[in-house]
Structure formats: C-alpha cells, structure tokens
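Asker: quick one, what's the 3D model for this:
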Amino acid sequence: MARIDDDFDEMDESAAETDGKDTGRTVRILDLSGGAEDNIVEDIRDFQDLAHANAFARAYVRDSIEICRAAGTTPRDTLNAWFAYGENAEVLDAGEEGWKSSTELNEFVERPATSMERDWRALDPRRMVDPGEFGEHDETDPPNDEDA
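Answerer: Residues are numbered from 1 along each chain as shown. Predicted structure coming up:
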C-alpha cells in the first residue's frame with residue numbers, strides 16, 4: 001500500500017525576518033491553496049523554545065486537517081482537501097529538530113484528532129499572559145501598598 005504522504009513535497013525552510021533581536025523561535029504558516037503571496041500567511045514569533053514551536057506547529061496542522069475532513073470521506077479525500085484548502089506550519093531555522101508535517105500526515109488523516117490535539121490557540125505565544133498583568137506576583141517580588 002502506498003503511503004499517503006508520497007504526494008507531499010516538503011516546502012523550503014527560509015529564514016524569518018527579524019529586527020536584529022533574538023525573538024525566540026518562529027513558526028511560518030503556509031497557505032496550501034496558493035491564496036497568499038509566496039504561500040506565506042504569517043510568521044509567528046516569540047516561542048519560548050523549540051519544543052514550544054514544534055508543539056504549536058503540530059497542533060496547527062492537526063487542526064487544519066480536521067477542518068478539511070468531511071463526514072464519510074476517506075483519508076485520501078481528507079488529504080486531498082488539505083492540500084487544496086488547508087494550511088501547513090513549519091518551524092524556521094530548526095533543521096532536523098523542527099517538526100515537519102510530512103512525518104505525521106498518514107496518522108493525521110487516518111485518525112481524527114481530539115480537541116486537545118487541535119488546540120494550537122493554547123500554545124500561541126501571542127496569547128501568552130504575563131501573571132503580572134493581573135496583579136499577581138511571586139514571593140521574590142517586593143510587596144506594594146495594595147498587598148497590605
């Protein structure tokens with residue numbers, strides 16, 4: 001039996017543009033339908049580390065595949081829909097350590113994802129909240145008048 005990902009051509013990894021500062025890892029979102037210039041939808045920056053970026057990319061693609069999955073379709077149909085309408089994600093400048101969708105496409109199209117496997121929003125660094133924003137502080141913070 002042929003592997004479903006035989007049709008998958010790995011997309012070139014290119015360097016993310018930065019402002020000369022270290023912003024952590026970057027994940028690039030690619031429009032597989034060709035609707036975006038150079039197929040690039042956006043670059044998401046400031047992942048804490050490679051594991052964080054890899055987990056986000058994996059969940060993002062997992063969600064994109066589920067959006068393309070229709071009831072009663074075959075895994076091949078789901079894969080074809082993803083290639084036609086879905087979005088891919090790649091971790092930039094991570095080499096062999098970066099997550100690649102081609103390594104898991106077979107599993108993704110064969111087995112529908114759980115809501116937790118699809119929850120890329122929980123991993124999105126643009127949504128990460130600094131506890132200090134809510135008036136919380138750790139024990140090393142000096143007390144202020146409001147704590148009294």
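Asker: which parts of the chain are strands?
Answerer: Ranges of strands in the chain, per DSSP state E, are 25-31, 40-47, 87-91.
Asker: let me know which of those strands is tucked in deepest.
Answerer: strand 87-91 (a mean of 24; mean count of other Cβ atoms under 10 Å). In short, each C-beta sits where N, CA and C put it, glycine included.
Asker: pairing partners for that one, with directions?
Answerer: Paired with strand 87-91 in the same sheet, following DSSP bridges, are strand 25-31 (antiparallel).
Asker: hmm, who's touching the strand it pairs with?
Answerer: Contacts to strand 25-31, defined as Cβ atoms under 8 Å, 6 or more residues apart in numbering, come from residues 11, 14, 16, 18, 36, 39-45, 47-50, 52-53, 56-57, 60, 87-94.
Asker: over to stretch 79-95?
Answerer: For stretch 79-95, contacts defined as Cβ under 8 Å, 6+ apart pick out 4, 7, 11, 13-16, 25-33, 41, 43, 50, 53-54, 56-58, 60-61, 64-65, 67-70, 73, 98-101, 105, 109.
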